[in-house]
Structure formats: structure tokens, C-alpha cells
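Engineer: Everything below, folded, please.
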Amino acid sequence: MTAYAASTGDLTAAPSASEFKSEVELLDADDDGDENKERGNWGSKMDFVLSCLGYAVGLGNVWRFPYLAYRNGGGAFLVPYVIMLAFAGLPLFLLEVAFGQYCSSGPITCWRSVPIMRGIGYGQIFVGAYVAIYYNVIITYTIYYFFASFARVLPWVGCHHDFNTLYCSDLYQVCVDAGGIVTFNGTCVQLSSLSNSELGAYNITKNFGGYNTTGYSDPLEKDRVSASEEYWKYSVLHESPNMNEQNGVVWGLALSLLAAWILIFFCLIKGIKSSGKVVYFTATFPYLVLVILLIRGLTLPGYEKGIKFFVTPDFKQIGNAQVWLDAAVQIFYSLSAASGGLVTLSSYNKFKNDCYFDSLFVAVANCCTSVFAGFVIFSIIGFMAHELGKEVDEVVDAGFGLAFIAYPAAVARMPVPTIWSLLFFFMLLTLGLDSQFTIMENVVTAIVDEFPDQLRKRKVWVMLTASVIGYILGLTCVTTTGPYWVALLDSYGAGFPYLVYALMETVAIAWLYGVKRFVNDVRVMIGDKYVNHPTFFWWPICWCALTPALMTFVLMFNFINWSEPEYNGPFPPWARGIGWMVTLSGIIWIPLNAIWEVYSAPGNIIDRLRVAANPSELWGPALQRFRNEAAEVHKLNGTTMGGRVLLPSTKKQPASRPTNGFNVAEKSVKYNPRPSNGFNVPQDNPYPDNGRTNPGFDSPMA
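Structural biologist: Predicted structure coming up:
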């Protein structure tokens, strides 16, 4: 052992190279190529930034934020939105990016930092799998619409198709323009064929050889639906009237789903090395299209009505708690926080990457994109309202309704509609692909990191297996009841669990791991220049108090105001049961893992809790030179790294050296990341000063 370790008893001190050599493969960086030869790194800083931006900027930026802004006071919604960004969005984003970059591990392995919280990682992978299944179905819809747009006349234009019903909205105007009226049974008849009594029934009178129709109105007006909505429901989805009536697979969607999974697989076939190049196009192309669409939108009649509707503030709404909840949830989901994806993406960074700047840039750029997309969408919605002679609030819609009903209907009224339709749906496709890349990489990376010896060199096969399973399970979502399953998974799978993960992450890092220690982890990566700046103190305050308090409020508000999700009416009881099983499967791992970690630890209950709530030996940077540096930085700033600087040997040492790698009682010790006493030291001293009994001034374990 080193002189310092011998004099102080600090077993975290690094032995010299001549004294002890670790058998664990902690790879040193070279100046060319990857630092971490085993896991790999991003090809460049821009690969990471664009991947994060593509992951954060998704379909929700286009179809959810504009609707929420309209519903919650227009321009006034930006006030709670920006506040929630500062108090919750940015702190969570920075925490996850720095966390993943420091340990170079996936969303499960990273919890070597706080083993009792490893269940968060397991839950994130389960929920990530659910999201991957239904999110790729949404990408499937965009692929279907994209190829359907290669037509001289867009297929959702007009009511003359086989799938149209007598409630198609265009039928009324076509009938009236032809000199007829629509009867109570939906039939179009000529006025000349009606008797006086029949004309009277429709408030029509003869007038000097003609007909006075000012008193006539469409008898089916309340039941009318747009042609684009009938195309969506009856031609694309073949939607059943309820979830109990399943009439088989929609093969057109099944083929599109297959194309989506093939596309995902080949873009991820080399992991971040391939996806990191694809995002140069998929992350930037949507901005080009948004700019083009905005320019086009501003040249259409009625655009000003839409934009005015979007930005006009109603400050009375700010006093509504629901508005603040919507702002918090939108920031949360828009940034893709607490899903494990940001940890995965940043885990492939080089250790000294400026994660602070990257986090702030991506988070702010994502929110600016949402606002910019709002101007684009509402300029088009204003044009549509002008064309239909309606108010904007009668045209605006959210979610699928905006992307696949309202916007296609608006595009159909533009000059050269095919071009605009192709641009719009290709933009949606690229937005969806970016997010799906990270969702899949997150799941696969977590699995591979858990079994590195068996799977790391076979990662392509793991990705192929995951893609095949995803396609097979996704077939459920392209049946005639598919929309119900998509809505079910979205409502139960990706909602409540992410809020729980966000709260537990901040508690685990700030209070169990220790916020002072975590700040020093960040210091090791980006230096004193940022960390010692007065503005940096905002982040520890948020991590310790403001962000968890805010997440607790959001959770409680959701719980108090909970109502069962619906799609075309309430889900049947058996479907709600499945939904709650999906939710439970994402959360149950947190208490189950905590119980297991405490049960498997040695000692009395206090000792067990202390071991389970403090870092394991393997925790820390992946490369040896950064572990050495981290230990020194922590020592200089009043904390400890948590894991060992040099890990115990797995091979028999020379006779002159103890078999357990340290100058302690000589006996045969087999390396185990969770040894019987937790630290590979004699049982009569189970808690050396290794960052476990002094994790930081703010830790309850201090």
C-alpha cells in the first residue's frame, strides 16, 4: 500500500503502479479515437449534441406544446413554462447528463452510486420498452402518410372514396352546389324532385320560379366529420368502434411498421457510431422544414388570426393550478428527462466533455423549438379557419388530431398540396426517428452493460433481437383496435412512472449520494471555472430542494385530480387492469430492489441500510487515470469518490503480496463487487472512511 494509505488507513488511496496492478480492465485513453475502447465514444462533440437535441425535440414539440399554449392562456403560458424550465427542466437535464458522463454507464449500472435506488434503472428499461413499441407505431403512421402523399390528388381530399360515410362534411357543400339538399337520411336530392310539403319540412319555399333556402340547414350538421378524419379512422386505422371488437391486422400498417423497425435497426446497427452520423440529417432537417412551412404559412390568408390566437396572453389563467401543472409536465416530457435516455447518451461522452454547456444549450434550444413550432402550426391553422369560415378554436386540435387530421386538411387547401404534405410528414418521420434511436439505444445499452462479457461484442444481435420482439409486440397496435392500445400504453406506461423516477433521482443523488460529492464529480469533468462560479450554486439548491418539491407537487396534483384515461369513451375494465399492470411494472422495481439490497447486505438493519445507500466498489469513472484524478479532486474539496481508486485483483498475486490486494489479514479472497462486508476489508472494520460513512455534508448517512 502507498505511504499515504499506510499512515492514514485510507484504503481509497491509490497504490503505486510498482506496488499493485488492478486486473480489472480500466482502459487508458489515447489521443486518437475512443477514450473507452470497450464501450466506445461519440465520434465528435456534435454527434452527442445533435443526438440529445434530436431525442429532446420530438413529435410533442409540434403537436402538444402549441395546443397547451392555446388552452392555457396563449402567450401567458410562457410565464409558467419558463419558470418550470428553470426549476425542473434544466436541473434534471444537467443532473442526468453529468451523471451519465461521469460514470460512463447505462441507466442500470450507473446506480452503483446508490445501489438501493437501482430499481429506478430497471423501471426505466421496462417503461422504455413499452414506449419503444408504441412510439414506433406513431412513426409507422408518418411513413404511411408519407407514401400516401405520392398522389396527384391526396387521398384524404373529397368524400367520394369507398371508406367515406354519409357524414363526410364535404358532401353537404357538394350537394348544395349541385342544386340539391341533404335529406334527413343523408341522401342528396334535387329540389325539383320534392313536393311542397317536403320542401316545407326543410324550411324551403318556392320563390318566383326558384327556391328560397335561407331557412334550410344541414340536418346532419352535428354529426359531420371532415374528410381527413374519415381517411384517418376508416382508411388508415380501420378503427373498431370499441376495444372489444378486434377484426385482425391492418396489413398496410403492418408493412409500414416493418419498414420502421428495419430503418431503426440499420441506423443503430453500429450503435452510436452509426446513429451519431444519421442525426446530422434527422436532427437538422426538421428545422429546415419548419422554416419553410413558416414562410409559406405567413403568405397564406388568415395566418394572422392563428398567430394572434397563439400569442395573445390571458393572464387570468396564471392563477389556475392546472396551468402550472401543464407547464411542468410539458417541460418534463419535452426534455425527455427521467427516462434514462440522457444518461445513456452522455455515457458515451469523453470524460472531459463540457456537459454543462451542452445541457443548457440543448434544453434551451428544445424549448425555443416548441415556441417556434407553435408559430408554424398556428399560421397554418389560421389559414384553415379562414378557408372554412370558422373561428380558430373550432379548428385547433391536439395530438393525433393535429398531426393526422387538422394539418393534412390544411395542406390539402394549399397550392401544390403534394409537396407540402411530403415535407410535413417527412419532418414528422425525422422527429420521431431521433427519439426512437435513443429509446432503443437506452434499452439495449442497459442490457449490454449488465452483461458486458457476454453481450458487448454481440451488441448487434441484441439490437436485432430487440427490434424483432418490438415488431412482433407492435403488431397488436396495428390491428383494428391498435389505436386503443397505443392510447393505453401512452396513458399508463409513460406518464406516472416518469414523474416518480424524476423525484427519486433527485432524492438519490442529492441526499443519499450527497450533493457536495456530486458537485465535485462535475468539478472533475469540467473544472473549477464553472463549478466555483456563483451562478452554479443554483443547481445544488434545485437538486436538494426546489426540484424534488416541485415534482412532489406535480405527483400529488396528478393523484388528487386523477381520472381514468379514455379513448373513444372509457376503456373496458380488463384493459384498465392491463394499464395498471403496465404502470406497476415500471414502479415496482424500486421497492423490490431496495428490499433486496438491504436484505443481501451484512450486519444489523442500520448497517444494511448504510451499505445499500452508499456507493459500491465499482462506482466511479471508467478509466484509471480519471479515477486517480477524481480521488484527488474529492480529497482536496472535502469529499471522497465513493468507489475504490484501484479495484481488487481477480488473479492470484505473488507470494510477497496478499491475495486480497491490500495489506490486511492474509486469507483467500475472491473478488466480488458486493463482498460479504461490502468493502473487502476485515469484518471487524466493515466501514472504513471510503465515502460511505462520510458521503457529504448534506447526506443523512453522514
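
Engineer: can you tell me the distance between the two ends of stretch 538-550?
Structural biologist: 15 Å (CA to CA, to the nearest Å).

Engineer: now do stretch 411-418
Structural biologist: End-to-end distance for stretch 411-418: 8 Å, by CA to CA.

Engineer: Just the buried positions in that stretch, please.
Structural biologist: By 16 or more other CB atoms under 10 Å, the buried positions in stretch 411-418 come out as 411-414, 417-418. Backbone N, C-alpha and C define where each C-beta goes, glycine included.

Engineer: How about stretch 246-257?
Structural biologist: So, applying 16+ other CB under 10 Å, buried residues of stretch 246-257: 249-250, 252-254, 256-257.

Engineer: Show me the two of those residues that sit farthest apart.
Structural biologist: Using CB to CB, the two most remote members of these are Val249 and Ser256, lying 11.9 Å apart.

Engineer: what number of residues lie near the closest residue in space to Leu298 that isn't next to it in sequence?
Structural biologist: Closest residue to Leu298 apart from its sequence neighbours, by CB to CB, 6 or more residues apart in numbering: Ser379 at 5.9 Å. Using other CB atoms under 10 Å, Ser379 has 25 neighbouring residues.

Engineer: contacting residues around Ser379?
Structural biologist: Ser379 makes contact with 294, 297-298, 300, 303, 306-307 under the criterion CB atoms under 8 Å, 6 or more residues apart in numbering.

Engineer: Can I have the buried ones of the residues you listed as a PyMOL selection?
Structural biologist: To isolate the buried ones among the contacts of Ser379 in PyMOL, judged by 16+ other CB under 10 Å, type:
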select buried, resi 294+297+300+303+306+307
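
Engineer: before we move on, the earlier item: can I get the buried residues of stretch 411-418 in a markdown table including secondary structure, pLDDT and distance to Ala283?
Structural biologist: As requested, the buried residues of stretch 411-418 are exported to a markdown table (DSSP: H, G, I helix; E, B strand; the rest coil; pLDDT from 0 to 100; distance: CB to CB, whole Å):
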| residue | secondary structure | pLDDT | distance to Ala283 |
| --- | --- | --- | --- |
| Val411 | helix | 87 | 24 |
| Ala412 | helix | 88 | 29 |
| Arg413 | coil | 84 | 30 |
| Met414 | coil | 86 | 26 |
| Pro417 | helix | 93 | 27 |
| Thr418 | helix | 94 | 26 |
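
Engineer: picking up where we left off before, tell me, what's touching Val249 and Ser256 both at once?
Structural biologist: Val478.

Engineer: Name the secondary structure element that contains Ile541.
Structural biologist: In the assignment (DSSP states H and E), Ile541 maps to helix 538-541.

Engineer: I'd like to know which elements that helix is packed against.
Structural biologist: The helices and strands touching helix 538-541, judged by 3 or more CB pairs under 8 Å, 6 or more residues apart in numbering; DSSP states H and E, are helix 90-103, helix 515-526.

Engineer: Just want the angle from the first one to helix 515-526.
Structural biologist: Computed with axes from the mean of the first three to the mean of the last three CA atoms, to 10 degrees, the direction of helix 90-103 lies at 70 degrees from that of helix 515-526.

Engineer: quick one: contacts of the next helix or strand after the helix holding Ile541?
Structural biologist: Downstream of helix 538-541, the first helix or strand assigned by DSSP H and E is helix 547-560. Helix 547-560 has contacts (CB under 8 Å, 6+ apart) with 84, 87-88, 91-92, 321, 325, 328-329, 332, 496, 499-500, 502-503, 506-507, 510.

Engineer: Show the buried residues in these.
Structural biologist: Neighbour-count burial (16+ other CB under 10 Å) applied to the contacts of helix 547-560 gives 84, 87-88, 91-92, 325, 328-329, 332, 496, 499-500, 502-503, 506-507, 510.

Engineer: Okay, and which of those map to helices?
Structural biologist: 84, 91-92, 325, 328-329, 332, 496, 499-500, 502-503, 506-507 (DSSP state H).

Engineer: Quick check: closest non-adjacent residue to Gly186.
Structural biologist: Closest residue to Gly186 apart from its sequence neighbours, by CB to CB, 6+ apart: Leu166 at 3.4 Å.

Engineer: The one you found is in contact with Thr183, isn't it?
Structural biologist: No. Here Leu166 does not reach Thr183: they are 10.2 Å apart, not a contact under CB atoms under 8 Å.

Engineer: circling back to that earlier point, now tabulate the contacts of Ser379 in TSV and tack on distance to Asp434, pLDDT and secondary structure.
Structural biologist: TSV is the format used below for these (distance: CB to CB, whole Å; pLDDT from 0 to 100; DSSP: H, G, I helix; E, B strand; the rest coil):
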residue	distance to Asp434	pLDDT	secondary structure
Leu294	20	92	helix
Gly297	23	90	helix
Leu298	27	92	coil
Leu300	29	89	coil
Tyr303	28	92	helix
Gly306	27	89	helix
Ile307	27	91	helix
